[in-house]
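# generate coordinates for the sequence data below:
(4 chains)
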There are 4 protein chains.
Amino acid sequence: MQPFTITLTPRLYETDVMGHINNASIAAWFEVVRVRFLESLVDGGPAHGKNWTLASVHIDFRGETFYGEDVIASITEAKVGRTSLTLDCAMAQGERQTVEGRAVMVQWDPETRKPCAVDETLREKISGLG
Amino acid sequence: MQPFTITLTPRLYETDVMGHINNASIAAWFEVVRVRFLESLVDGGPAHGKNWTLASVHIDFRGETFYGEDVIASITEAKVGRTSLTLDCAMAQGERQTVEGRAVMVQWDPETRKPCAVDETLREKISGLG
Amino acid sequence: MQPFTITLTPRLYETDVMGHINNASIAAWFEVVRVRFLESLVDGGPAHGKNWTLASVHIDFRGETFYGEDVIASITEAKVGRTSLTLDCAMAQGERQTVEGRAVMVQWDPETRKPCAVDETLREKISGLG
Amino acid sequence: MQPFTITLTPRLYETDVMGHINNASIAAWFEVVRVRFLESLVDGGPAHGKNWTLASVHIDFRGETFYGEDVIASITEAKVGRTSLTLDCAMAQGERQTVEGRAVMVQWDPETRKPCAVDETLREKISGLG
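Residues are numbered from 1 along each chain as shown, chains lettered A, B, ... in the order given. The predicted structure is shown next:
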């Protein structure tokens, strides 16, 4: 698929005493790009992000991320299951890749707090991304 | 009043590239001590913290806070108004005072999202603190 | 002065169980706009933000901030002292003002970790803002 | 090995609009337990946590984590490689398991910002944990 891409400007408070962006901030950025990707696919936008919950996340830190240079964060692959969605993510600062990640999200009924089948319209949109 | 005190162990991700605890983490700690103070006064505990919203916060940074030493955070003064509560806070690492702060909180009806009169039982408890 | 303005898109993890953006995230956003303002005034950019420390911060929460709508955050006033800088901040979602704040920052020698006189070039630039 | 265990009290700002603890806060807690585990093994304590960097992290969210109940976070397994350390983590609220995770950390020379061989004393201590 054509990667879905956003730009994140590192914030001073996201650094830590080791002089780089802390790993917990990167886990948080991964949420940002996941949610924006989902919102880009759904009419009615923002609220939709709330109907997914995270089943698992994996992050490989390929290089340090530093304050002072924008981060390009992309969803590079999206696969739909019955109730779940697997999203691959990459982040880079300039030519340097910093992060590779994979998240499994589950469509979620906010009333019952249980997984439910992925919405058919969304499934078609994601399948259509190639 | 007798200060209400909790101990916070600084976390690595709460530091920043300047080598100390970031100011936003300290604003977050102030919330922690405020909420625990309120929960200590109310039967039924945790949920109660949700019925207050923050009207204003002021923080004076008296000295840097560092990773590696526990922080003693206290509510040193509490004053009740009709719908509000003013809480004074102090934080220290060992003998060194690091933070003085004041927060004005408003009792809040979660349905209407509007201020409401401070609960009478709570008012008496806070007045009783002296 | 002409306000210095940035746009912040609220992030899902910046919300809390009360259904709005948590106050600690807003304290963090205030740091973002302060640092970007300083960086906009100084050649050589990002690193400069590290040469300031926060002496005090005051935030008035004028209204709740919600997920799903961009926040316009501005530095509306800047006053230079001998070693310090006072910055006024406003945030809004659409027509609705959400936050007013004031921060006092101190120019800071990272070696000695002590305040030092505000850099002359910066002083002139800030005075020139009107 | 005998699990290394700490207790974390969820904080209000760690919740999100979905009514549970946000996944990025859980990634941050995983750092807390990793670093405390390392500090427990090393004389001279806190500073040591800075000599490790994170190569990868995997988190399975087995159940939601809620505000209002303490979380028991444990390192359940530790394996040493030449330059790396693999740590398994579990978190629970009462009887309910909420999180399983694995982190690979790399011993790191803060001067060169490169991996280096795991300190021999630490290697022996970890091997001795069984």
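
# residues in contact with stretch A:115-122?
Stretch A:115-122 is touched from outside by A:41-42, A:80-85, A:106-109, with contacts defined as C-beta atoms under 8 Å, 6 or more residues apart in numbering or on different chains. Bear in mind the C-beta positions are built from the backbone N, C-alpha and C, glycine included.

# by neighbours, which of these wins?
In terms of neighbour count, A:L85 stands highest of the contacts of stretch A:115-122 at 22 neighbours, by other C-beta atoms under 10 Å in any protein chain shown.

# check which helix or strand that residue maps to.
Taking DSSP states H and E as the criterion, A:L85 maps to strand A:84-93.

# just confirm yes or no for that strand near chain C.
No: against chain C, strand A:84-93 shows no contacts by C-beta under 8 Å from any C-beta of the partner chain, the least distance being 12.3 Å.

# what pairs with that strand, parallel or antiparallel?
In the sheet, strand A:84-93 lines up against strand A:71-80 (antiparallel), strand A:96-109 (antiparallel) (DSSP bridges).

# what are the C-alpha coordinates of that strand, in PDB please?
Taking Å, rounded to 0.1, in the frame of the first residue of the first chain, the C-alpha atoms of strand A:84-93 are listed here in PDB:
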ATOM      1  CA  SER A  84      -8.600  -7.100  14.300                       C
ATOM      2  CA  LEU A  85      -6.400  -4.900  12.300                       C
ATOM      3  CA  THR A  86      -2.600  -5.300  12.100                       C
ATOM      4  CA  LEU A  87      -0.700  -2.100  11.300                       C
ATOM      5  CA  ASP A  88       3.000  -1.800  10.500                       C
ATOM      6  CA  CYS A  89       4.700   1.400  11.300                       C
ATOM      7  CA  ALA A  90       8.100   3.000  10.400                       C
ATOM      8  CA  MET A  91       9.600   6.200  11.700                       C
ATOM      9  CA  ALA A  92      12.600   8.100  10.400                       C
ATOM     10  CA  GLN A  93      14.600  11.300  11.000                       C
END
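
# got TSV for the strands paired with strand A:84-93, with mean pLDDT and distance to D:N22 too?
Output for the strands paired with strand A:84-93, formatted as TSV (pLDDT from 0 to 100; distance: least, C-beta to C-beta, whole Å):
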stretch	mean pLDDT	distance to D:N22
strand A:71-80	97	18
strand A:96-109	95	14
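
# any chance of the ones you listed in a markdown table with distance to B:T9 as columns?
Output for the strands paired with strand A:84-93, formatted as a markdown table (distance: least, C-beta to C-beta, whole Å):
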| stretch | distance to B:T9 |
| --- | --- |
| strand A:71-80 | 30 |
| strand A:96-109 | 28 |
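
# I'd like to know which of those is closest to B:W52.
For those, the distance to B:W52 is smallest for strand A:96-109, at 28.6 Å, taking C-beta to C-beta.

# next, the buried residues of that closest one.
Across strand A:96-109, burial judged by 16 or more other C-beta atoms under 10 Å in any protein chain shown covers A:98-108.

# same check, this time on stretch A:123-130
A:123, A:126.

# please work out the angle formed by the directions of the longest helix that chain A contains and helix D:23-41.
Of all segments of type helix in chain A, defined using DSSP state H, the longest is helix A:23-41. Here the directions of helix A:23-41 and helix D:23-41 differ by 160 degrees (axes from the mean of the first three to the mean of the last three C-alpha atoms, to 10 degrees).

# is any residue of helix A:23-41 near chain D?
Yes: for helix A:23-41 and chain D, the contact criterion (C-beta under 8 Å from any C-beta) is met by A:23-25, A:27-28, A:31.

# what's whichever strand or helix holds A:T53 packed up against?
Element membership for A:T53, per DSSP H and E: strand A:52-61. Strand A:52-61 sits against helix A:23-41, strand A:96-109, helix D:23-41, strand D:52-61, with contacts defined as 3 or more C-beta pairs under 8 Å, 6 or more residues apart in numbering or on different chains; DSSP states H and E.

# and the angle for that strand with helix A:23-41?
Going by the same axes, to 10 degrees, strand A:52-61 makes 130 degrees with helix A:23-41.

# quick one: contacts of strand A:52-61?
By C-beta under 8 Å, 6+ apart, strand A:52-61 touches A:23, A:26-27, A:30-31, A:38, A:84-85, A:98-108, D:18, D:23, D:27, D:53-61, D:64.

# now with 7 Å, please.
The contact list for strand A:52-61, computed with C-beta atoms under 7 Å, 6 or more residues apart in numbering or on different chains, reads A:23, A:26-27, A:30, A:38, A:84, A:99-108, D:23, D:54-61.

# contacting residues for the residue nearest the centre of chain A?
Nearest to the mean C-alpha position of chain A, by C-alpha atoms, centre = their mean, lies A:R34 at 2.5 Å. Taking C-beta under 7 Å, 6+ apart, we find A:R34 in contact with A:87, A:103, A:105.

# that's all I had, so thanks and see you.
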